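[1] Below is the structure, and that's it, no one-letter string:
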């Protein structure tokens, strides 16, 4: 409707050769051409946690409906531990979980979102007890069309797929600190625009807006309208 009004208004104005747009006109045009702001959705997870796998499966269905309105990321729930020799981080489900976290973080950094998300889903499909294994990382990279040799993700993870690559370990430590900053203590914790909206810890808890697929879709669409309204 706005574009129609603006077009109609333009027809009523005299054409002035060489006329300059005012700062208001520039700002107005900038607003009209600005891309929509996507909704930040963060899942606080542990890569080998059953709650995380359930939560990620739920959000795979959510993305089927609102992928164009969402920036989805995973934040890893762990604890900084300077005595841990490889990762400097303590992971609840063992060092293999730390490796799985690193693998996902590195692919997230170096691959487009659809490839990264396919990588995560592939790891989950292999069974949570296998997440973090180098052979699973290589298999899922192939499935997700992520070249661990040329994309940078391989060096980030470690050439042997172990997850102890220097960059990957740094990413894990940074993600751990971010989770602490956001107040995430449970896997899986759902945040929309930085606000905790739901937790799955054995069961769905503290989900004022609901926890079904359509409930999350509704909350995301409401936030999208607020951000772009």
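    Right, received. Where do you want to start? Computed from a prediction, not measured in an experiment: that's the story for all the values here. Numbers count the residues shown, from 1 in each chain.
[2] Give me the neighbour count for residue 202.
    For residue 202, the neighbour count with other C-beta atoms under 10 Å is 9. (Each C-beta comes from the backbone N, C-alpha and C, glycine too.)
[3] ok, for it, nearest residue in space, not its chain neighbours?
    residue 51 (7.1 Å; C-beta to C-beta, 6 or more residues apart in numbering).
[4] What residues sit buried inside the helix or strand encompassing that neighbour?
    Taking DSSP states H and E as the definition, residue 51 sits inside helix 50-66. Neighbour counts over helix 50-66 (16 or more other C-beta atoms under 10 Å) mark 51-53, 55-56, 58-59, 62-63, 66 as buried.
[5] just checking, what packs against that helix?
    Here helix 50-66 touches strand 39-45, strand 70-76, helix 113-125, strand 195-200, helix 213-228, going by 3 or more C-beta pairs under 8 Å, 6 or more residues apart in numbering; DSSP states H and E.
[6] Contacts only, for the residue nearest to residue 202.
    Counting by C-beta atoms under 8 Å, 6 or more residues apart in numbering, residue 51 touches 45, 186-188, 200-202.
[7] With distance to residue 88 and pLDDT as new columns, can those be given to me in CSV?
    Shown next, in CSV, are these (distance: C-beta to C-beta, whole Å; pLDDT from 0 to 100):
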residue, distance to residue 88, pLDDT
45, 19, 98
186, 22, 95
187, 20, 95
188, 24, 97
200, 28, 97
201, 26, 96
202, 29, 95
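[8] Adding distance to residue 156 as columns, could you present those in a markdown table?
    A markdown table is the format used below for those (distance: C-beta to C-beta, whole Å):
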| residue | distance to residue 156 |
| --- | --- |
| 45 | 19 |
| 186 | 27 |
| 187 | 23 |
| 188 | 24 |
| 200 | 29 |
| 201 | 30 |
| 202 | 33 |
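[9] Now list the buried members of those.
    45, 186-188, 200.
[10] Distance of the residue nearest to the spatial centre of the chain relative to residue 134?
    For the chain, residue 73 is the residue whose C-alpha lies nearest the centre (C-alpha atoms, centre = their mean; 1.3 Å). The gap separating residue 73 from residue 134 is 24 Å, by C-beta to C-beta, to the nearest Å.
[11] Could you list the low-confidence segments of this protein?
    Scanning the chain for pLDDT under 70 picks out 1-34.
[12] Could I get the contacting residues of residue 75?
    42-45, 175, 178-179, 182, 184.
[13] most packed of the helices and strands packed on helix 50-66?
    strand 39-45 (a mean of 22; mean count of other C-beta atoms under 10 Å).
[14] In its sheet, which strands sit next to that strand, and in what direction?
    With DSSP bridges as the test, strand 39-45 is paired with strand 70-76 (parallel), strand 189-192 (antiparallel).
[15] Using a markdown table, lay out those together with distance to residue 152.
    A markdown table is the format used below for those (distance: least, C-beta to C-beta, whole Å):
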| stretch | distance to residue 152 |
| --- | --- |
| strand 70-76 | 18 |
| strand 189-192 | 28 |
